[in-house]
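K.L.:
fold the following, please.
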Amino acid sequence: MDGIGVLVVVLVGASVAAAVLQWLVAHWWVLVLLTVLVAGAVAGWVRRRAQRAQWERVRARGLRYQLSQLDALGHRDFEYAVRDLMLRDGCADAVQVGGRGDNGADVKATDPTGRRWVIQCKHRRAGWAGSAVGTPDLHVLNGTGRQLHGGDVIVLVTNGRFSSHCPPYAKSQRLHLVDRHVLGEWAAGSRPLWEILHRLPPPRKPSPLS
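P.N.:
Down below sits the predicted model:
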């Protein structure tokens, strides 16, 4: 390409750049929108990367429970074990709150996506062979989990089983059940609880546990 050709290319490029710049000045909101979209995409990528790194660090700590170990615990120690599993999974503020006047909450925690978890624990020394957890316990949890404790995810955990009436009631009230089988998978440490349960509310920005 001779000198004239280069000059033509430069002039055309400059004209196009000037036209684009003039268009952006006239339509400044497009530039703002693109900036917001790019910033949101970058922030989302950074957040997901940080969450994956946090989960890997937590998993490296290697907290695991066998069901036989959980069966051997007392009720209060079972609550602490559930708290420790939430801590393992990255809920830095997980706390055991069960006791007299707990209003149905034994463990509270905020997951890495900002959802607040309210968990009630029902321990059965006989495991699956013990008495089934029934709907009365779900009624209490349903009445307090969101209204009093501000939970986004309301869970009842047992090392035993639930009565046949519990699943349909839990589904209708957006409650989550963790029976012996689900607990065994969770306690083994393969995945955090929010990757095992279904129909969870969407993530939200992290905020202090109320």
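K.L.:
mind listing the strands for the protein?
P.N.:
95-96, 107-110, 116-122, 153-158, 176-178 (DSSP state E).
K.L.:
now these in a markdown table, with mean pLDDT and distance to residue 44?
P.N.:
Where you see a C-beta, it was placed from the backbone N, CA and C, and this is true even at glycine. Shown next, in a markdown table, are those (pLDDT from 0 to 100; distance: least, C-beta to C-beta, whole Å):
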| stretch | mean pLDDT | distance to residue 44 |
| --- | --- | --- |
| strand 95-96 | 96 | 29 |
| strand 107-110 | 97 | 19 |
| strand 116-122 | 97 | 21 |
| strand 153-158 | 98 | 21 |
| strand 176-178 | 98 | 26 |
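K.L.:
nearest to residue 194, of the ones you listed?
P.N.:
strand 153-158 (7.5 Å; C-beta to C-beta).
K.L.:
neighbouring strands of that closest one in the sheet, and parallel or not?
P.N.:
According to DSSP bridges, strand 153-158 forms sheet pairs with strand 116-122 (parallel), strand 176-178 (parallel).
K.L.:
in that strand, what counts as buried?
P.N.:
Buried residues in strand 153-158, counted by 16 or more other C-beta atoms under 10 Å: 153-158.
K.L.:
from these, which is closest to residue 201?
P.N.:
residue 153 (6.6 Å).
K.L.:
in contact with that closest one, which residues?
P.N.:
Shown in contact with residue 153 (C-beta atoms under 8 Å, 6 or more residues apart in numbering): 111, 115-118, 176, 194, 197, 200-201.
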